[in-house]
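*Asks:* Compute the structure for the input listed below.
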Amino acid sequence: MNIKRTATVTLALLLAGLLLVSAASAATEEVQVIRYADNNYSVVESSATRDLTELQLMTNVYSNGPVYFQGPTFDPDDPWGDGGQNMILYYDHNGTYVRNLTDLVGGMNDGDELRVQASDGMSRYFG
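*Replies:* Now for the predicted structure:
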């Protein structure tokens, strides 16, 4: 009886864990731009939200070429892979200008700060 109850509780915890992981790994498909007052709290004038389709229609910014990552190297004479072996193509990167996003809410002025925040809450200030 005790083993059956333990197995049931374990199964319930595993299912709950799977649901939490799938929700946390969901892709973000929109960008929200909000202009705040100097106190970083009060919304000033406007906010804008753009989904993936709208972002793709904005002016594209292309990288200066393809990005490669190096796979494992097992050559004891060349541990850093200077010969370029096992290079994995990660494709070209592209996107849109941050200026295009800030212009949606009135742009930025000298001395303004830009905070970029991910859907998981991690953020960085630029400015």
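*Asks:* and the gap between the residue nearest to residue 52 when sequence neighbours are not counted and residue 126?
*Replies:* Of all residues not flanking residue 52 in the chain, residue 29 sits nearest, at 4.6 Å (Cβ to Cβ, 6 or more residues apart in numbering). All C-beta spots, glycine's among them, are computed from the backbone N, C-alpha and C. Note on residue 29: its distance to residue 126, by Cβ to Cβ, to the nearest Å, is 23 Å.
*Asks:* and if you look at residue 97?
*Replies:* Taken as Cβ to Cβ, the span from residue 97 to residue 126 is 14 Å.
*Asks:* Same question for residue 47.
*Replies:* Counting by Cβ to Cβ, the gap from residue 47 to residue 126 is 19 Å.
*Asks:* picking that back up, close enough to count as contact, the residue nearest to residue 52 and residue 51?
*Replies:* Yes: when contacts are counted by Cβ atoms under 8 Å, residue 29 is listed as touching residue 51 (6.1 Å).
*Asks:* how about stretch 86-100: buried residues?
*Replies:* residue 96 (16 or more other Cβ atoms under 10 Å).
*Asks:* same deal with stretch 108-119?
*Replies:* Buried residues in stretch 108-119 (16+ other Cβ under 10 Å): residue 108.
*Asks:* One more: stretch 30-40?
*Replies:* In stretch 30-40, the ones that count as buried by 16+ other Cβ under 10 Å are 31, 33, 35, 36.
*Asks:* Find the least confident helix or strand in the protein, judged by mean pLDDT.
*Replies:* helix 2-24 (a mean of 53; mean pLDDT, DSSP states H and E).
*Asks:* Following the chain onward from that one, which element is next?
*Replies:* strand 30-36 (DSSP states H and E).
*Asks:* Strand partners (parallel or antiparallel) of that next one?
*Replies:* strand 43-51 (antiparallel) (DSSP bridges).
*Asks:* And the contacts of the following helix or strand past the partner strand?
*Replies:* Where DSSP H and E defines the elements, the next helix or strand beyond strand 43-51 is helix 52-57. For helix 52-57, the external contacting residues (Cβ atoms under 8 Å, 6 or more residues apart in numbering) are 29, 30, 31, 95, 96.
*Asks:* No further questions, thank you.
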